[in-house]
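# what's the 3D shape of this:
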Amino acid sequence: MHARRWALGAYLTGVSLVGLPLLAFAVATLELADLRRHLALVTIAALLLIAGELKPIPVARGADAGDELSISSTIAIALLLLMAPGVACLTQAVALFVDEMRGRKAWSRLVFNISQYALSLLAARVVFSALTDHPIFGQPGAFRPVELPAALAAAMVFFVLNNGLTGIAVAIAIREPVRSVLPNDLRSHLPTHGVLLALAPVVAQAMAWSITAVPFLIAPLIAVHRSARLASEREHEALHDALTGLPNRALFLARLRQACVDVDKRPLAVMLLDLDHFKEINDTLGHHVGDLLLVEVASRLRGTIREGDLVARLGGDEFAILAFHTGDADAALEAAAMVRSAFDVSFAISDAQLSVGGSVGVALAPRDGRDQDLLLKRADVALYDAKGTRGAVAMYDHERDEHSVERLGLVAELRAALHSGDIFPLYQPQCDAMTGEVIGVEALVRWRHRHSGILLPGAFLDVAEGAGLLDEMTDVLLAESLGQLNRWHAAGHLLQLAVNVSPRTLKDPDFPGRVERALVDSGIDPGWLTIEVTEHVLATDASRSITAMTSLRRLGCKIAIDDFGTGYSSLAYLKQLPVDELKIDRAFVAALGQDPQDEIIVRATIDLGHQFGLLVTAEGVENEVALQMLTGMGADSMQGFYLSRPVTGDGISAALANQSLQRSIPAPRLKVM
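Numbers count the residues shown, from 1 in each chain. Purely as a prediction, here's the structure:
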């Protein structure tokens, strides 16, 4: 850490030692007569420069670091084209100094920023002079339209050098290679900073025509500034948690995926942190106190992680940390100890002192894995070990993961259940939103365990996936469900069957063929089968997922996107996905009638789906208010506990036979398991 600080200090000092003398020389070459002649122009430009620095546009730089850009650069380049370079350098320096008076920057950073702008502006002036007949120093001639290409070239040089000098400092600070930071940095700033700089020749031309034209430039500059600011804020909202302000799951996964590419040169640790007894705090003191606690935890974690590391909130009380440059267990444990230190002091929440602990699970890359899915899974295994002793830190242990007696026993029981019929489906009805008629069912897997009773998927799906039994389980579920669907059809009940498949199963090249064989064996037309996939399958290897979905559609099956709205790539991929239906996640449906924002999201999703020609199903309908609102919004179908809990195939058959399975009939009339 000391070496990095020394390197950063040396870099900032070096830039300052070059930039400040050049600034002084440029100012020394100014002619007072030129300044007096253009005093009104210089004064108005200086005021605009100061206003731009005081109202910057926040722009994401890297994963969680922040940066800003300003319309002051547009004005500075315009001045550079019209006046001696010392005028632009001096007014920019004054604007930065005025901004410093608000206490936003350290003095060392102010000196660096002044030097950085001086170097960038002078380099731009050199390029402009080389492409025209104007002198480098001294007052140039009149700015002419024919010089616009040279002006754009100068603006581009300013953009590259100004952002490059800052990008190098950021790369040193966050311990990332300059070669990876700079291209991404320039690419991310080009749509905003580049557009603002492209306006500089236009501003210069207007100023050269008449000083009275300057007020007319203010409105378009404000519009561009506002548009860029809104775009930046929306990007930030999409990639950050609304409650804590931390990066969210999507941004964390993107950074982890990027880090895995270079993991041999830059080893890292993936940490998952879970608060101890958080549910008890929520239940006892209320969700408001729980939210306040999460905000405080996030603030402390930000302050305890090392510079350059990343902390994110994955959801609920679960946080994740990317700790770079941790090549061995000792370095990882040291970084984890810093994270755990956030809980050494109790939290003052609502006049109460809450002592909260946190358990941390750690997986090392490349030692424990080279891809994000495996690293997260193994960090989760370590977290499970850590939670066995509350407040502990646990490293991933291959022996505990692969060869624990309990796990092997559970795998053996699960394998036997697949052959004994103890893995079976229940069916949750899907009702037409307008008529209440049952038009389909979703098959939900259950395990009839000899000791524990009926187990929900959360109790065994991870075990099945880890043991390589997920494909066999999917085949059992398909065969059982399609057989039951055949019996319903034979009785005259033409229902649609929906089966949810995991991302790993979908990416199996043999999966479409397995579905086809199951359909042939059951005698069911493919059009009666809907394969549900979550939009998270698109987060990694989207091309394979889309290929599989296309093959299933070609077979005749329908495709539904489950839990729509909770993933990262929904809108980006929706236009190219071969899908027939969207299923709105229950998280949005549950708060209908209580949260106006969720109502906006649900209504917008229904309208979006219909605009794409898709059916829209709402999941998690648990009360009459939600049912009525969804009907009014135009949802096509609904499912949820208010309509019916998951029931056996015989329960569905009996209800269909006596026509009791309608939305007006309470769920307890059905046989529930």
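# contacts, neighbours, all on C-alpha from now
Noted.
# and whatever helix or strand residue 312 lives in, how far out from the chain's middle?
Under the criterion of DSSP states H and E, residue 312 resides in strand 310-315. Put simply, strand 310-315 sits 10 Å off its chain's centre (C-alpha atoms, centre = their mean, to the nearest Å).
# Show me what it is packed against.
helix 249-261, helix 287-304, strand 318-324 (3 or more C-alpha pairs under 8 Å, 6 or more residues apart in numbering; DSSP states H and E).
# Neighbouring strands of it in the sheet, and parallel or not?
strand 318-324 (antiparallel) (DSSP bridges).
# got the angle between the next helix or strand after the strand it pairs with and strand 310-315?
Later in the chain than strand 318-324, the nearest helix or strand by DSSP H and E is helix 329-340. Helix 329-340 and strand 310-315 are oriented at 60 degrees to each other (axes from the mean of the first three to the mean of the last three C-alpha atoms, to 10 degrees).
# Buried residues, helix 329-340. List them.
329, 331, 332, 333, 335, 336, 337, 338, 339, 340 (16 or more other C-alpha atoms under 10 Å).
# a markdown table please, covering those and showing pLDDT and distance to residue 393.
Below are the buried residues of helix 329-340 laid out as a markdown table (pLDDT from 0 to 100; distance: C-alpha to C-alpha, whole Å):
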| residue | pLDDT | distance to residue 393 |
| --- | --- | --- |
| 329 | 84 | 12 |
| 331 | 86 | 13 |
| 332 | 87 | 10 |
| 333 | 87 | 8 |
| 335 | 87 | 11 |
| 336 | 87 | 7 |
| 337 | 86 | 8 |
| 338 | 87 | 11 |
| 339 | 88 | 10 |
| 340 | 85 | 8 |
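# Centre-most residue in this protein?
The chain has residue 250 as the residue nearest its centroid, 2.7 Å off, counting by C-alpha atoms, centre = their mean.
# For that one, give its distance to residue 314.
9 Å (C-alpha to C-alpha, to the nearest Å).
# And for residue 484?
Taken as C-alpha to C-alpha, the span from residue 484 to residue 314 is 38 Å.
# Same check on residue 107?
Taken as C-alpha to C-alpha, the span from residue 107 to residue 314 is 36 Å.
# got it, and residue 342?
For residue 342, the distance to residue 314 (C-alpha to C-alpha) stands at 18 Å.
# of these two, who's got more company?
Using other C-alpha atoms under 10 Å, the more surrounded residue of residue 342 and residue 314 is residue 342, with 23 against 20.
# what's the neighbour count on the closest residue in space to the more buried one that isn't next to it in sequence?
Distances taken as C-alpha to C-alpha, 6 or more residues apart in numbering place residue 300 nearest to residue 342, at 5.5 Å, with adjacent residues excluded. Neighbourhood size, residue 300 [other C-alpha under 10 Å]: 15.
# so where does residue 597 fall, helix or strand?
Here residue 597 is assigned to helix 596-611, by DSSP H and E.
# Give the other helices and strands that that helix contacts.
strand 581-584, helix 586-589, strand 615-618.
# average pLDDT across that helix?
For helix 596-611, mean pLDDT is 90.
# Tell me the spacing between the closest residue to residue 340 other than its chain neighbours and residue 589.
With C-alpha to C-alpha, 6+ apart as the criterion, residue 340 has its nearest non-adjacent residue at 6.8 Å, and that residue is residue 358. In this view, residue 358 and residue 589 are 31 Å apart by C-alpha to C-alpha.
# just residue 298 next, same as before
28 Å.
# if we can go back for a sec, now do the residue nearest to residue 342, the pLDDT please.
91.
# My guess is it contacts residue 340. True?
No: the criterion here is C-alpha atoms under 8 Å, and residue 300 misses it with residue 340 at 10.1 Å.
# Which parts of this structure belong to which domain?
Following automatic domain parsing, one finds the domains of the chain at 2-239, 249-403, 422-669.
# tell me, which of those is the model least confident about?
domain 2-239 (a mean of 78).
# what ranges do the strands span in the stretch 401-550 of the chain?
423-432, 438-449, 453-455, 496-500, 529-534 (DSSP state E, counting those that start in this stretch).
# Give me the sheet partners of the last one and which way each runs.
Strand 529-534 has its sheet partners listed here by DSSP bridges as strand 496-500 (parallel), strand 558-564 (parallel).
# That one to strand 438-449, inter-axis angle?
Put simply, strand 529-534 runs at 70 degrees to strand 438-449, going by the same axes, to 10 degrees.
# So what touches strand 529-534?
With C-alpha atoms under 8 Å, 6 or more residues apart in numbering as the test, strand 529-534 has contacts from 496-503, 506, 557-564.
# ok so, going back, mind checking which of the strands paired with strand 529-534 is nearest residue 626?
strand 558-564 (17.0 Å; C-alpha to C-alpha).
# Might you calculate how far the closest one sits from the centre of the chain?
That offset, for strand 558-564, works out to 20 Å (C-alpha atoms, centre = their mean).
# So what touches that strand?
Residues contacting strand 558-564 (C-alpha under 8 Å, 6+ apart): 526-535, 549, 552-553, 570, 578-586.
# now swap in stretch 382-389 and tell me
By C-alpha under 8 Å, 6+ apart, stretch 382-389 touches 272-274, 276, 359-363, 392-397.
# which parts of that stretch are buried?
The neighbour-count check on stretch 382-389 (16+ other C-alpha under 10 Å) flags 382, 383, 384, 385, 386, 387 as buried.
# and what of stretch 609-624?
609, 610, 614, 615, 616, 617, 618, 619, 620, 621, 622.
# Is the closest residue to residue 157 other than its chain neighbours part of a helix or strand, or is it coil?
Of all residues not flanking residue 157 in the chain, residue 124 sits nearest, at 5.6 Å (C-alpha to C-alpha, 6+ apart). The three-state assignment at residue 124 reads helix, by DSSP: H, G, I helix; E, B strand; the rest coil.
# Assess the claim that residue 172 and residue 8 are in contact.
Yes: between residue 172 and residue 8 there is a contact at 6.0 Å, judged by C-alpha under 8 Å.
# still on that earlier bit, name the residues of the strand holding residue 312 that come out as buried.
310, 311, 312, 313, 314.
# cool, and stretch 234-246?
Using 16+ other C-alpha under 10 Å as the test for burial, stretch 234-246 gives 236, 239, 240, 241, 244, 245, 246.
# Tell me who's in contact with the last one.
What it means is residue 246. 64, 240, 298, 311, 312, 313.
# likewise residue 197?
73, 74, 77, 155, 156, 159.
# May I have the phi/psi pair for the second one?
Which is residue 74. phi -60, psi -50 (degrees, to the nearest 10).
# rewinding a little: out of the contacts of stretch 382-389, which sit inside strands?
If you go by DSSP state E, the contacts of stretch 382-389 have 272, 273, 274, 359, 360, 361, 362, 363, 393, 394, 395 in strands.
# Could you dump those residues into JSON lines and include distance to residue 22 and neighbour count?
As requested, these are exported to JSON lines (distance: C-alpha to C-alpha, whole Å; neighbours: other C-alpha atoms under 10 Å):
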{"residue": "272", "distance to residue 22": "49", "neighbour count": "31"}
{"residue": "273", "distance to residue 22": "50", "neighbour count": "27"}
{"residue": "274", "distance to residue 22": "53", "neighbour count": "23"}
{"residue": "359", "distance to residue 22": "54", "neighbour count": "26"}
{"residue": "360", "distance to residue 22": "51", "neighbour count": "31"}
{"residue": "361", "distance to residue 22": "52", "neighbour count": "28"}
{"residue": "362", "distance to residue 22": "50", "neighbour count": "32"}
{"residue": "363", "distance to residue 22": "50", "neighbour count": "29"}
{"residue": "393", "distance to residue 22": "53", "neighbour count": "24"}
{"residue": "394", "distance to residue 22": "55", "neighbour count": "24"}
{"residue": "395", "distance to residue 22": "53", "neighbour count": "24"}
